[in-house]
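# Any chance you can model this:
(chains A and B)
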Amino acid sequence: MSEEKRDHSQARTILATDCGSTTTKAILIQLIDGEYRQTHRGEAPTTVEAPFEDVTRGVLNAVREVEELADRQILDEDQIIRPAAGDKGVDIYISTSSAGGGLQMMVAGVVKSMTGESAERAALGAGAIVMDVLASNDGRLPHEKISRIRQLRPDMILLSGGIDGGTISHVVELAEILHAANPRPRLGLGYQLPVIYAGNRDARQTIWETLSNTTDLTVVDNIRPVLERENLTPSRDKIHDLFMEHVMAQAPGYKKLMSWTDAPIMPTPGAVGAIIQTVASHYGITVVGVDIGGATTDIFSVFEDTFNRTVSANLGMSYSVCNVLAEATLPNVLRWVPLAMDEAELMNRIGNKMIRPTTIPQALEELQIEQAIAREALRLSFIQHKQFAVGLKGVQKERTISDAFDQSASGATLVDMMALDLLVGSGGVLSHAPRRHQAARMLIDAFLPEGITRLAVDSIFMMPQLGVLSMVNEKAATEVFEKDCLIHLGTCIAPVGPAKKGRKVLDAKLILPDGTVVERELTQGEMFLVPATYEQPVKAVLKPAKGLDLGGGKGHEIETELYGGVVGLIFDGRGRQPFVLPEEPAERVAKLRAWSEATEEYVASPQPAAS
Amino acid sequence: MAHAYTPGLKVLRETKIQKIRLLPLKGKLRVQAGDEVTPHKVVAATELPGNVQMVNVAGQINIDPTDVGDCMLKTEGEAVKRGEPLARSKGIFGLFKSTLDSPADGTVESISSVTGQVVLREAPIPVQVDAYIQGKVIEELPEEGVVVETTGTFIQGIFGIGGERQGEIKVIVSGPGEKLDPGAMDASCRGKVLIAGSFCSLAAFRRAMELEVAGIIVGGFNYEDLKPILGFDLGVAITGGEQIPTTLVVTEGFGTIAMAHRTFDLLSRHAGKVASINGATQIRAGVIRPEVIIPLTGSELEGIDAHVDSKLGIEDGSLVRVIRAPHFGVLGRVRSLPPELREMESGTLVRVAEVELDDGTMTLLPRANLEMVETD
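Model prediction:
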C-alpha cells in the first residue's frame, strides 16, 4: 500500500480498478457540484498471461483508456500521479482482484453440516473459492483425505471443529491428517502453507504442537463457540490478511500493485458482497445478487437479515464455459437458443470461447448462444446457493403443537423467491448485454422470480470497485452506487401455481402516472411488457386466477405500486412451480421467438460497413 | 500511430528458448551450468514423501488414546515391516493382550495420545525431471531445478492434450488445408511427430494412439471428440497430465480449420528433425499454451534473433488472425484502428479495427476478436 497517509474523505478524484480473470476494469469517480459521480471507464485484457505476466500492465492499459476518454493525465509513464493537482492525477487509487484464479481454499470441520459448513461460510464470505470441505464424517478414509489435500494444493486452509469446551480428539485428528499430508501452497515453492485454526479453544495447544512445524499456523477465535451461534468475523478478517500477505504477494505483478493502492486489495467477491449487504440494510429489503464472471459465478443473498455467498467455481462465461455445457448438458443449453443448430458446431463454438476467452460475440447468433449458456450458468449456480443458504444445522428448536405440522427442519433454505424484493445482476454478460431487455430476460429465465420482484443490473460492472471504495470513502461509494451503478430494469410479475395452457392466470388493472387505466389479462404461456419508469411507479390491482398465488395467497387480489425501469413491467405467464418449456423443437423455437418479441429482447443491428 | 494490446501466439523461425525445469519439492541437481543436455537427460531428482497410513491403534486394541504411547512396540522414526507387531495392549493382569500388526512397510511418523492414531509413512516415491529439450544448462536453481536454453524454432498452439514428448517430424498431408486420413498412418509413424493439416478426427487420433505416434500437430479438432479420449467432459482448459500415448497440439482451434500457412511451412521445412512437444494447456492463473520446439544447430542457424517486443500490440499494418465467427480463422491486415466505439450486428458496442481480409474485402471487426500473428 502507498505509504503516504492522506485524508480519503476529502478526495475529489478517485481511480478504482478491478483485475478480473479476463478483463481489468478501471473507473474514474469525480466530485462534481458536491456529489460523487462515476465519470469515465476503461478496460483492457488482464495481463497475467505471458509475455507480460504482470497484472499491472493490464491496469495501466485500462487506466490509459480512462485517460484518453476523460482527457485527464493520470499516469506519469508507469506511475499513477497522486495526489491530484489541478487537472492531473487522482487522490485515491484502490483495487480488487480475482485474477490468477482468485483465492482458492480448503476448509475442514468436524461435522460436515455443522462446523464444516460454518468454515465454508467464513471462507466464501471472505471471497474465496472453496475447493473441498474435509470433515471427520465426510465418508472418506484418512489416506483419501491426505491424497486429496496433496492433489489440490490450495492457497490456504481453514481448520475448525468442536464447540468451546467440547471434545478435542476429532479436530486434532484432522490436524494430524493435515500434518501427514504436508501440503504445499499453489504458488511459491519455498513457502509454508498458511493454515488458520478456528476451532475448539481447548485444542489450541495440541493443534499448535501438531501443525506449527509444517505449516504457517495462525490461531483465531472459534468459528462456532456454541452450537447456536456462528462467529465468522475473526476467520474472515484473517483470511483477508493472509490473502494479501501470501497469495497476492506470489501472483505476477501483485507486489507492485499492492504498493500502488491506498487500501488493501480485496478479493472481488468480497467487495461485491460488501455492497450487496449495504443495499439490503440501507433499503431494508431482501436481495439476491449475482456476479457472473469468466471463471466463476458468485451468488449473494440477504434473507431474514442473514448474508450468504456462494461461489460456483467452475461456472463462468469464458474459462469455464465448457464446464457449464458439461454440467447443464447440451439439451438444457439448446432449449434457450431460438434457432436450429448443429450440435457439434455449437460445441466447437463454445470450445473456442474457452480457449480464446477474451473474444466478443460479433454476430447476433453468437450473442444468443452466449446468453443461453449464461441462463444455465446462473440457474445451476442458484441451485447451489439455495442448498447452501440455510439456517444453522444442529440447533435444537423449541416447537409448539402447530409446528408439528410444519415439516421444515433446522437447516432449511433461507431463499424464498416469493419473499424476494430485489434481484441484482452483475458481470460482463449481464452488465454489457447490448440491450437491457436481454439482461432482464436472462435474470428471469435463470432465477424464475415468483410473485412481484424488482430487477436491476450493475450498469457497467462497478460493484467490485464500489465495495472496496466503501472501505475508504463510504459517502463516495453510496452516492455513486445510487446514481450511476444500479440500473433499474423494472419489475417481474409472475403468478405461482399450475395452470392449463392458454388459461387466464392473472387480471391486471394498472393506473399509469398520467391517469390512464390499462386492464390486461395474462394467460398461461404468455409474456408481455408494459413500459413504466422507476421514478413514477404504477398503481396496480393484480388478481391471480383461482389456485394461483402472487404473494397474497392463492387467488388473493393484491393492490400495490409497481416500479418500472429501463425495461418496464414484465408480466410472465409461463408458470412457476412448474415452469416448463415446450419439448418439441419447432414449438420451442416459436415460443422463444414470441417471448423475445413480446419483451423486445433482440433487435438486430445491421453489420457496420468499413470506411 | 494507433495501437492496441492483443495477445497472440508465437510462430518463430529462430529464437532463443529457455525452459525452467523444476522439481515439485526441493531435491538434488544432477547437472551443472554449462553442461550440454539431451532431452532425456535427468537434470534434477528428489523423493516425494511416501503415502501415509493412519492406524487407529487405540480403537483396534481397545485402549485409551493416552495409553497408546506405552503400548507401542515401535517408536517415532523407527522402521516397521508389514505384518510386524506394531502395538500390544497391557491386557488384564498381563493376560488377554491384544496385538496390532503393521498394515504396511514404512516408518512410524507420529504417535498421538489425543486421538490414539499412529501415522505410518511408506517408502518415498522417487521423482526425476529431464531436460525436455536438447540444449545447454545456463542456470542452476539450487535444490529446485535448472534452466535449459536452446536456439531453434518455437511454435505455440492454442490448445493441446498429453504431456512432454520428442519425435522426428513427419509431414503426413499435402497441404495445410488437408484433413488427416487415418489410413495414411502406418507403422513407420511410430514415435514420430506428425504434421496434419486442417483436421484430426477421433478415428485418426485413435489410430495414432494405437500406432504409438509421439504427437500430432493439427489446425483443428472437434471439441466433442475430447470426451471419448479423456473419459470425461473437459470443463476448463487445464490439460497436460493425461495418460495417453500421443500428444495433440491444436494450432488454430476447435472445428475444421486450415493450419496457418506460415506454421505449416515452418514445420514442413524441419521434416526429419527432432522436435520436443508438449500439449499442456492452462488458460487460467498463469497461461500455458502447448508448444513445439525444434532445436537448431550449426549450419541450420541463420543468426536471426526473433525476439518479439512483448510491449507491441496491433497497429496499422499488423498481420492478424480473426478468432471468432463470422470470419473465424481468416488472416488479414489491420488498415486502421478507429478510436470510437462501433455497434456490431449483435448490438454490442466495441472498439474495432478496420481489417483487410485475405480475399481483399475490408471489414470492421472487434479488436478483441483479433489475434496478432507474431512473425520474425
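
# For residue 161, grab the count of nearby residues.
Picked chain A for this. 34 (other C-beta atoms under 10 Å in any protein chain shown). Heads up, the C-betas are built off the backbone N, CA and C, glycines and all.

# The chain in question should be chain B.
Residues contacting residue B:161 under the criterion other C-beta under 10 Å number 25.

# Residue B:131 now?
Number of residues near residue B:131 (other C-beta under 10 Å) recorded here: 26.

# quick one: contacts for it?
By C-beta atoms under 8 Å, 6 or more residues apart in numbering or on different chains, residue B:131 lies in contact with B:21, B:31, B:37, B:38, B:39, B:40, B:41, B:43, B:137, B:148.

# what's the nearest residue to residue A:591 if we skip its chain neighbours?
Nearest non-adjacent residue to residue A:591, counting by C-beta to C-beta, 6 or more residues apart in numbering or on different chains: residue A:582, 5.6 Å away.

# so what's the backbone phi/psi at the one you found?
Per-residue torsions, residue A:582: phi -60, psi 140 (degrees, to the nearest 10).

# Mind checking the pLDDT average for the helix ranked longest in chain A?
As assigned by DSSP state H, the longest helix anywhere in chain A is helix A:364-388. Here helix A:364-388 scores 93 as its mean pLDDT.

# Next SSE downstream of that helix?
strand A:422-426 (DSSP states H and E).

# Run through the neighbouring helices and strands of whatever helix or strand comes next after that following strand.
Scanning forward in sequence from strand A:422-426 by DSSP H and E, the next helix or strand is helix A:428-431. Counting contacts by 3 or more C-beta pairs under 8 Å, 6 or more residues apart in numbering or on different chains; DSSP states H and E, helix A:428-431 is packed against strand A:287-292, helix A:364-388, helix A:436-447, strand A:451-458.

# so how far is helix A:428-431 off the chain centroid?
12 Å (C-alpha atoms, centre = their mean, to the nearest Å).

# same question, stretch A:155-171
29 Å.

# what distance separates the start and the end of that stretch?
21 Å (C-alpha to C-alpha, to the nearest Å).

# Residue B:250 is in contact with residue B:157, correct?
Yes. Judged on C-beta atoms under 8 Å, residue B:157 makes contact with residue B:250 at a distance of 5.5 Å.

# Quickly list what's touching both of the two.
By C-beta under 8 Å, 6+ apart, the residues touching both residue B:157 and residue B:250 are residue B:290.

# which intervals of chain A have sub-threshold pLDDT?
Within chain A, the segments meeting pLDDT under 70 span A:1-6, A:48-51, A:99-102, A:187-190, A:249-250, A:392-411, A:604-611.

# what domains does the record give for it?
According to automatic domain parsing, chain A is divided into the following domains: A:8-98, A:102-260, A:287-391+A:413-495+A:567-598.

# would you turn those domains into JSON lines with distance to residue B:127?
Below are those laid out as JSON lines (distance: least, C-beta to C-beta, whole Å):
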{"stretch": "domain A:8-98", "distance to residue B:127": "26"}
{"stretch": "domain A:102-260", "distance to residue B:127": "13"}
{"stretch": "domain A:287-391+A:413-495+A:567-598", "distance to residue B:127": "29"}
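
# Please parse chain B into its domains.
B:52-121, B:158-289, B:310-374.

# Give me whichever of those domains is most buried.
Of all those, domain B:158-289 has the most neighbours on average by mean count of other C-beta atoms under 10 Å in any protein chain shown, namely a mean of 20.

# and it, average pLDDT?
What domain B:158-289 shows for mean pLDDT is 93.

# For that domain, measure first residue to last.
6 Å.

# cool, and stretch B:31-38?
12 Å.

# for chain B, what are the nearby residues on the stretch 201-350 of chain A?
A:206, A:210, A:252, A:295, A:314, A:319-320, A:322-323, A:325-327, A:343-345, A:347-350 (C-beta under 8 Å from any C-beta of the partner chain).

# let's see it at 6 Å
A:206, A:314, A:319, A:320, A:322, A:323, A:326, A:344, A:347, A:348 (C-beta under 6 Å from any C-beta of the partner chain).

# Quick check: the last one touching residue B:257?
No. At 9.5 Å, residue A:348 does not count as touching residue B:257 under the criterion of C-beta atoms under 6 Å.

# Leaving out the residues flanking it, which one is nearest to residue A:142?
Leaving aside its chain neighbours, residue A:142 sits nearest to residue B:54 (3.8 Å; criterion: C-beta to C-beta, 6+ apart).

# now the strands for the stretch 151-300 of chain A?
A:156-159, A:194-197, A:216-219, A:266-267, A:287-292, A:297-303 (DSSP state E, counting those that start in this stretch).

# Show me what the first one is packed against.
Read that as strand A:156-159. strand A:103-109, strand A:194-197 (3 or more C-beta pairs under 6 Å, 6 or more residues apart in numbering or on different chains; DSSP states H and E).

# Nearest residue to residue A:372 in space, please, no chain neighbours.
residue A:336 is the one closest to residue A:372 (C-beta to C-beta, 6+ apart), at 3.7 Å.
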